[in-house]
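Enquirer: What shape does this take:
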Amino acid sequence: MKKNVYALLTLLSALLLFTACEGPAGENGAIGPQGAKGNTGPKGNIGEINVMALGWSPVTKADHLSRYDAEGLYTATGFTGGGLDNLTQKEINDGVILMYMRPVSDRTKVISVPTVIDYGHVSENLQLSYYFIAGPKRADLFIELSKPADVTKLFRDEEYRFIIIPNTGGARLNNVDLTNYEQVKQALNLKD
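Expert: A predicted model of the protein is given here:
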C-alpha cells in the first residue's frame, strides 16, 4: 500500500511539474523564402447562374417624343412586367442588371446602356446620354440631351432588353465583357 501511495504521489508531482513549466510564448520566427509558383489549373466552367433574360421591348420614336421634357432636355420610359415583376431590391443590391438597346432599323447593332452617343455631325457638342435606374418590379430609362436640339431628328424606334443576374456566388463572369452583348449571350447561353 505504501508503494502505491508513493507511486501515486510521484505521478501527481510529475504532472504538476510538467504543467507548471509553461513559460511565455516566444517571438515568431522569420518568414521563409517564397516557394515556386505552381502550374495553372484548367479553366473552369462558368457554372449555373439563375439568369433572368427578358425579351426585347419596343419603344417607338413617337413614345420618346411624347415623353420629351424640353425644359429638362430628357425623355423617360418606364418598364414593368415581362419578368421585371420578379425584380427585388436584393437582386438590385447584390446582383447585376444589364440593359441593352438596339435600333429597329438595324437590330445587329446592340449597344450597352449606359452609353453616350455623339451627334456632333448634327450639332456641335450634341450628345445623347442613355442610362437607367432599376427599382423593385420596374426599371426607368432616361435619354438626356447635352443641349437643346430638334429631337425629331434624334429619336428613333428602338428596342430594349434587360438581363438580370442575381448574386453569382463566385460564378465566373470576370472574363466576360458585360458591355459586349454577343459575349454576354454566349457566356450565359441566351437567345434573342
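
Enquirer: Any figure for the gap between the residue nearest the centre of the chain and Leu188?
Expert: For the chain, the residue nearest the mean C-alpha position is Val96 (3.2 Å; C-alpha atoms, centre = their mean). Val96 sits 11 Å away from Leu188 when distances are taken as C-beta to C-beta, to the nearest Å. (Glycine included, C-beta is placed from N, CA and C.)

Enquirer: list residues touching both of those two?
Expert: Ile165 (C-beta atoms under 8 Å, 6 or more residues apart in numbering).

Enquirer: circling back: from what I can see the residue nearest to the centre of the chain touches Ile165, true?
Expert: Yes: contact criterion C-beta atoms under 8 Å: Val96 and Ile165 qualify, at 4.3 Å.

Enquirer: Quickly list what's touching both of these two.
Expert: Common neighbours of Val96 and Ile165 (criterion: C-beta under 8 Å, 6+ apart): Leu173.

Enquirer: Surely Ile92 touches Ala134?
Expert: Yes: between Ile92 and Ala134 there is a contact at 5.3 Å, judged by C-beta under 8 Å.

Enquirer: So if I had to pick from these two, which one is more boxed in?
Expert: Higher neighbour count among Ile92 and Ala134: Ala134, with 19 against 16, using other C-beta atoms under 10 Å.

Enquirer: so what's that one up against?
Expert: Leu87, Ile92, Ile97.

Enquirer: try Arg107
Expert: Glu159.

Enquirer: pLDDT averaged over stretch 99-107, what's the number?
Expert: Taken as a whole, stretch 99-107 has a mean pLDDT of 97.

Enquirer: oh, I was asking about stretch 63-74
Expert: 97.

Enquirer: List the buried residues of that stretch.
Expert: His64, Tyr68, Leu73 (16 or more other C-beta atoms under 10 Å).

Enquirer: Can you report phi and psi for the spatially closest residue to Tyr131 that is not a sequence neighbour?
Expert: Nearest residue to Tyr131 in three dimensions, chain neighbours excluded: Pro114, at 4.0 Å (C-beta to C-beta, 6 or more residues apart in numbering). For Pro114, the backbone dihedrals (degrees, to the nearest 10) come out as phi -80, psi 150.

Enquirer: was I right about Pro114 contacting Ser129?
Expert: Yes: using C-beta under 8 Å, Pro114 is in contact with Ser129, at 7.2 Å.

Enquirer: so who does the residue nearest to Tyr131 touch?
Expert: Taking C-beta under 8 Å, 6+ apart, we find Pro114 in contact with Ser129, Tyr130, Tyr131, Phe132.

Enquirer: can you check Pro103 too?
Expert: Contacts of Pro103 by C-beta under 8 Å, 6+ apart are Lys109, Arg156, Asp157, Glu158, Glu159.

Enquirer: Show me which pair in those residues is furthest apart.
Expert: Lys109 and Asp157 (13.1 Å; C-beta to C-beta).

Enquirer: Which one's more surrounded, those two?
Expert: Taking other C-beta under 10 Å, Lys109 and Asp157 do not tie; Asp157 has more neighbours (14 against 10).

Enquirer: Thanks a lot, catch you later.
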